[in-house]
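Chemist: from the sequence below, what's the structure:
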Amino acid sequence: MVKICSKCNMKNSNNSDYCTNCSSNLSNAKIIEEKVFDSKIDDYSKEEHTTNGKIALFCGILGIILVFFINYIPFFLAITAIGLGISARNQGDKYGTYGLILGILTFILTIIVAALVYLYVSSLLSGIH
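Modeler: Here you go, the predicted structure:
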């Protein structure tokens, strides 16, 4: 409930005796019931994620971890994360965006690591001859 000042039309709390704007006496003020809308608290914690988004995020994280240990598996994880990330992102899932970013990063890192391994092995082989 709020009191509306008859002089300046300012909304005041129901417990106020005087207007906060013009200091008029609120004894004859109009009292109205004001609807209070609940704000969305913890909106992110209630967000539902798609299966594609969850798998894209998982593949992206696993790809980043494995890129330094195994050479070809992260490549396939990156492609999976990118494809499923695009699909989930189109459905409005933020996990899809994260999976897409991690998939692209995994793809780039896989190419860089593969090139470094190739250079290292070729330098070892050229030293043998």
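Chemist: helix, strand or coil for Thr20?
Modeler: coil (DSSP: H, G, I helix; E, B strand; the rest coil).
Chemist: and the residue nearest the centre of the protein?
Modeler: Lys94 (5.1 Å; Cα atoms, centre = their mean).
Chemist: is it true that it touches Ala56?
Modeler: No - when contacts are counted by Cβ atoms under 8 Å, Lys94 is not listed as touching Ala56 (10.8 Å). The way it works is simple: take the backbone N, C-alpha and C, and place the C-beta from them, glycine included.
Chemist: end to end, how far does stretch 2-16 reach?
Modeler: Terminal residues of stretch 2-16 are spaced 9 Å apart (Cα to Cα, to the nearest Å).
Chemist: need the longest helix for this structure.
Modeler: helix 94-128 (DSSP state H).
Chemist: residues of that helix that come out buried?
Modeler: 95-103, 105-107, 109-110, 113 (16 or more other Cβ atoms under 10 Å).
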